[in-house]
Structure formats: structure tokens, C-alpha cells
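S.K.: What follows is a protein structure lacking sequence information:
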């Protein structure tokens, strides 16, 4: 998918642009010194390139719009609603914040409702995975299906040449290909959640915050006196808001109590339905002090959907919490797959199985057209079916796949030389 370029414009946002010293740009009157675009971040526009900025109502997208405006782009903003407002979802308040920012920046703001698309393409899959005993990651689907799917199409209808978001990631043009790279701020890097975005979509995407730290973003927002400069970051489920997970999920899934067993099969408690728990979870198990057991805390080590059973262990470092092998499906590569993939040869890799994790060494093996297996050099804690294994080559995100099975294998595959 690519945006339709205006007459005389280049097809893609990146290839024709040259990084320009910020002092060479003509700044609109009234801009504060130091608020113009960061020359490492945003390529200088040609032909007054029109950019549609996804303005969420938070500080990150607000600064993205600020930077692009100051760089000389023709900026329009788009606020999307993906969940109908309730006491936990802040859709109405977020829209008002987006309106305030757009007014401050003197930028047009459009609004679109993707609630039906989100329900059909993201939330329905989320519930299906929960029913199957998995722990889904709706942020990955939301990026693929909504932000860089439905919203990209809508931005094109608005006449946009490029779509810009407030993600902490980078797109690097390399000999006609478009690579996804980690954001410069390692603590905020969001490439993990973007690994499933189609390669073609990246050719017309700008991530203005990719080279900035969160501290720098806040500083720029405060200097510009943006309405959302002090607004806290959202930490809830993608577009659903911050809420207690179990009561929320119970409004959509039936409560199906079952046993919590220790590794020897002894019942130590009762759960309310395996959909409400995830691997490595400590809180909410309600396993009190029991005769014959230590006082160490309990953790979910496994989920058995076929028998509606949770397996719990004591201690954060219990061996059953660690796995060195996984099988994954729906593999997606951003550009060319790793060398050896098509031949089915073992490939030395770096990967992570959760967002806040360093890249881990291991061996990747193709097992089918879109399936793979990974054996890690060292056992990994709480590898969770339903989550994603994402692969990296240095700063570059290569793609990923959804985890289906995990195990502790006695012998690892030999890495390709």
C-alpha cells in the first residue's frame, strides 16, 4: 500500500529527500527558536509534501506534528476513535486534547471512527486467543490492521503523501528497501509492536520521534507550551484504556473456574478461568499459606486449556518458568528474510519474546511456509504463547512471528556458521 503522490511529487517519502541543516529552512513567523525540526529526524520536504499526522491526544503525536510543521511540511492531523467511550476509555477527552493541540499549532484536524474495524479485526481476535488459553498482544494487531491499515487508507483519501505517527522507531531507506529500526531511546523503542506492519507501508511513513528521547520530547512540548506537555503516557490495552483486566474481560468471556495445581498435580487453589491469567503472573492467584509448602510466592508456570488447569510454582526463579525453545506461526519479514530462511537452514539470530527485553542469542529454523522454531542459547523466563518473538540484526527489526508452543529442550540446534 502506498499513498497517492500529488502532481510532480515523488512516489515515496524517503528516497528523494535530503537532510537539511535546520538553519537553511524558512521558519514561519512566531516560532520559538529551537523548536524547528531535528535534522537527524525528519527529511526535508520537497514540493510542500503533505503529511497526515495521527494525532492521538497525547504528547508524542503532538510533538510529531510540531516537528513536521516546523520542518516545512503541509501538515494535517487525523484523530481516530477505536473504542466507544465508557468510564475507563478516555476517547472523548483524548479528542478534546487533540483539538487543543491542533488549534495551538494552527493545523486542520480530521476525525474518523474505526470502532467497527477495531472490533472486527483486533478485538475479536484478542477474545478468540484468550478463549484458546493464549495471551494475545492487541497492540501488534492494532498497528497492522488499524494504524497502518485502515488509517493509512483514510490518510490517502485526505490527500496525504505520507503518514506520520508518534512512535519511537525509525524507518531507514536502504537501496530501495525500507527497513524498520529501533528508536534511539532504548527505554521507549516500539519496534517490537511494529514488526508486523507490511513492508510497503513503511515507504510512506515518518516517525519524527525516532531519534529523540522521551525527555527531549517532553522538553520540546513544554517549550512550545503544548496542551499535552504534561499528560501522562497511556499504559492500558491499545485504545481500550486503563482498567482492571479481569473484570473487563469477564464482560466478554464466561467465567470457568478450575484447579490450580503444583507441578506434582496437587491442587493448591482455584482459578476463575485460564483466560484471565498469563505465564509468569504472580498477583491474583489467591493461594494462601498452605501446610507443607514454603512461604515463597506462587507464579503461573503453565496453562492447560484441555483440562482447564493452571500449573503454579513457588519462587520467581523456579525452573518451570524458563524455556529455551519455542515454535511460532504467522511469520512476517520486513523485506528480505534472513539468509538461510528459504533453504530451511539453521540461522544464528537475535530475538526477544517481550517488549522490555534485550535481544537474546539463539538459532532460528524454518519449519513451514510461515512457521518457525527458535532455540535460545540461554533459557528465557516466562516465554508466553500468544505473544510474539521478534528478530533483530543490530538496530534493525527483521520481523517476527506469534508464539504457539514453548518447551525446555535438552539440546540446542547448532547455529549456522
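M.R.: Thanks, I have the structure now. Worth saying up front: this structure is predicted, and the values here are computed from it rather than measured. Residues are numbered from 1 along each chain as shown.

S.K.: ranges for the helices of this structure?
M.R.: Using DSSP state H, the helices of the chain run over 59-71, 91-105, 115-118, 124-131, 138-141, 151-157, 191-194, 199-202, 214-223, 245-250.

S.K.: Mind listing what's buried along the last one?
M.R.: By 16 or more other Cβ atoms under 10 Å, the buried positions in helix 245-250 come out as 248, 249. (Each C-beta comes from the backbone N, C-alpha and C, glycine too.)

S.K.: By mean pLDDT, show me the worst of the helices of the chain.
M.R.: Lowest mean pLDDT within these: helix 245-250, a mean of 84.

S.K.: center of the chain, which residue is that?
M.R.: residue 193 (2.1 Å; Cα atoms, centre = their mean).

S.K.: Under the pLDDT cut-off, which ranges of the stretch 201-350 of the chain? List them.
M.R.: Scanning the stretch 201-350 of the chain for pLDDT under 70 picks out 235-243.

S.K.: which residues in it form strands?
M.R.: For the stretch 201-350 of the chain, the strands defined by DSSP state E, counting those that start in this stretch occupy 205-206, 258-261, 267-271, 298-304, 309-314, 322-333, 347-352.

S.K.: Direction included, what does the fifth one pair against?
M.R.: Paired neighbours of strand 309-314 in the sheet (DSSP bridges): strand 258-261 (parallel), strand 298-304 (antiparallel).

S.K.: now it and strand 267-271, what's the angle there?
M.R.: Counting by axes from the mean of the first three to the mean of the last three Cα atoms, to 10 degrees, strand 309-314 lies at 120 degrees to strand 267-271.

S.K.: Ok, the longest one next?
M.R.: Here the directions of strand 322-333 and strand 267-271 differ by 30 degrees (the same axes, to 10 degrees).

S.K.: So which residues make contact with strand 322-333?
M.R.: Residues from elsewhere that reach strand 322-333 (Cβ atoms under 8 Å, 6 or more residues apart in numbering): 195-196, 199, 341, 353, 367, 370-376, 378-381, 383, 388-389, 398-409, 412.

S.K.: List only those of the residues you listed flagged as buried.
M.R.: Buried residues within those, counting neighbours by 16+ other Cβ under 10 Å: 195-196, 199, 341, 353, 371-376, 380-381, 383, 388-389, 398-403, 406.

S.K.: What about these, which are in strands?
M.R.: Here DSSP state E is the test, and the buried ones among the contacts of strand 322-333 give 372-376, 380-381, 388-389, 398-403, 406 as lying in strands.

S.K.: so which of those would you say is closest to residue 172?
M.R.: Checking those against residue 172 with Cβ to Cβ, the nearest one is residue 398 at 12.8 Å.

S.K.: pretty sure that closest one is touching residue 338, no?
M.R.: Yes: the criterion here is Cβ atoms under 8 Å, and residue 398 meets it with residue 338 at 6.3 Å.

S.K.: so what sits against both of these two?
M.R.: With Cβ under 8 Å, 6+ apart, residue 398 and residue 338 have common neighbours residue 391.

S.K.: What distance do you get for the closest residue to residue 184 other than its chain neighbours to residue 164?
M.R.: In this structure, residue 184 finds its nearest non-sequential neighbour in residue 211, 4.8 Å apart by Cβ to Cβ, 6 or more residues apart in numbering. Residue 211 is 14 Å from residue 164, where distance means Cβ to Cβ, to the nearest Å.

S.K.: Between those two, point out the one with more neighbours.
M.R.: residue 164 (29 against 17; other Cβ atoms under 10 Å).

S.K.: check contacts around the more buried one.
M.R.: 51, 52, 53, 54, 64, 65, 68, 205, 206, 207, 208.

S.K.: what's the most distant pair in the residues you listed?
M.R.: For these, and using Cβ to Cβ, no pair is farther apart than 65 and 205, which are 14.8 Å apart.

S.K.: Which one's more surrounded, these two?
M.R.: Taking other Cβ under 10 Å, residue 65 and residue 205 do not tie; residue 65 has more neighbours (29 against 24).

S.K.: now the closest residue to residue 342 other than its chain neighbours: how far from residue 374?
M.R.: Spatial nearest neighbour of residue 342, excluding adjacent residues (Cβ to Cβ, 6+ apart): residue 366 at 7.8 Å. Separation of residue 366 from residue 374 (Cβ to Cβ): 11 Å.

S.K.: With residue 216 instead?
M.R.: Per Cβ to Cβ, residue 216 is found 35 Å from residue 374.

S.K.: what's the answer for residue 392, then?
M.R.: Counting by Cβ to Cβ - residue 392 and residue 374 are separated by 13 Å.
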